[in-house]
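A.B. asks: Sequence and predicted structure, then a few things I'm wondering about:
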Amino acid sequence: MSNSRNILVRSLFCLIAVLAPAAAGAQDAAGAQPAVAYASVSELNGILAQLKQTAQSMQSDLGKMRIEKWKTGASTKQQTLANVESIQRNLQLALPETIAQLNNSPEDLGVSFKLYRNLDALYDVFGSVVESAGAFGSKDELQSLGNDMTGLESVRRAFGERMQKLAASKEDELTRLRAQVKTMSAAPPAPPKKIIVDDTEPPKKPAKKKPKPPATPTDAPPSAAPTK
């Protein structure tokens, strides 16, 4: 792996290690994750379609190799056969699994970096096989494997560029979410509403007594008879 590729991988890994947990925490605090943009999904689908086609071609061309007929030492043949078997296991198991994970989470930084590292490893090991085929194999083997190498390099470069854009987008999103959380934290909480329950009965007013009617004489005293 060249120095520039090492620097890119390390830089992306460090950025993802910082952004992924922080973005998840900020999104939990600010709300649900936003939907993935159609353009991002469409871009990923195009890259993955090219990757699947290249992987199928690689498996087919590796299966057609006749390493046992190469004019070289046994150690070189054994090393090349081991590399071929390693590549085939990757193409049949690890790569499809990572692609499926990425289809479920198109902008997951952790899964994206996992696929990029896989592509980087495939590129290195497959490049070694192509070099050996050029030195000891047939022209047909070199031609077919060389075409596969070109396709793999194209996919790896395209996916690396996508990761750079995705990391920058996630960093912007993280900054925005942090600002939202800071604003929410700074806002004073609304005072609780006070509900007053008055369960005391008002004092009862004394009942007014009705005034008694004045007494009326029933029998008038007889008047004195006049004296004669």
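C.D. replies: Good, I have the coordinates.
A.B. asks: C-alpha from now on. contacts and neighbour counts both.
C.D. replies: OK.
A.B. asks: Give the residue spans of the protein that score low on pLDDT.
C.D. replies: 1-34, 187-190, 194-228 (pLDDT under 70).
A.B. asks: try 50
C.D. replies: 1, 7, 9, 18-19, 22-32, 228 (pLDDT under 50).
A.B. asks: max-length helix in it?
C.D. replies: For the chain, the helix with the greatest residue count under DSSP state H is helix 139-186.
A.B. asks: Show me what that helix is packed up against.
C.D. replies: helix 3-30, helix 38-63, helix 109-136 (3 or more Cα pairs under 8 Å, 6 or more residues apart in numbering; DSSP states H and E).
A.B. asks: got the contact list for the next helix or strand after the shortest one?
C.D. replies: Just to be clear, that refers to helix 38-63. Beyond helix 38-63 on the C-terminal side, the first helix or strand identified by DSSP states H and E is helix 74-89. Here helix 74-89 makes contact (Cα atoms under 8 Å, 6 or more residues apart in numbering) with 59, 62, 67, 68, 70, 122, 125, 126, 129, 132.
A.B. asks: Can I have the buried ones of those as a PyMOL selection?
C.D. replies: Listed next is the PyMOL selection for buried residues among the contacts of helix 74-89, using 16 or more other Cα atoms under 10 Å:
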select buried, resi 59+62+67+70+122+126+129+132
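A.B. asks: between the contacts of helix 74-89, which is nearest residue 45?
C.D. replies: residue 122 (20.2 Å; Cα to Cα).
A.B. asks: Could you check how far that closest one is from residue 111?
C.D. replies: 17 Å (Cα to Cα, to the nearest Å).
A.B. asks: again, but for residue 90
C.D. replies: From residue 90 to residue 111 the distance is 16 Å (Cα to Cα).
A.B. asks: same thing with residue 70?
C.D. replies: 39 Å.
A.B. asks: repeat for residue 174
C.D. replies: Distance from residue 174 to residue 111, by Cα to Cα: 18 Å.
A.B. asks: what does residue 186 give?
C.D. replies: In terms of Cα to Cα, residue 186 sits 35 Å off from residue 111.
A.B. asks: ok, those two, which is more surrounded?
C.D. replies: residue 111 (18 against 9; other Cα atoms under 10 Å).
A.B. asks: Now do the contacts for that one.
C.D. replies: So residue 111 contacts 98, 101, 102, 105 (Cα under 8 Å, 6+ apart).
A.B. asks: Show me the two of those residues that sit farthest apart.
C.D. replies: 98 and 105 (10.6 Å).
A.B. asks: So what's the residue count around residue 39?
C.D. replies: 9.
A.B. asks: Same check on residue 69?
C.D. replies: So residue 69, with other Cα under 10 Å, has 11 neighbours.
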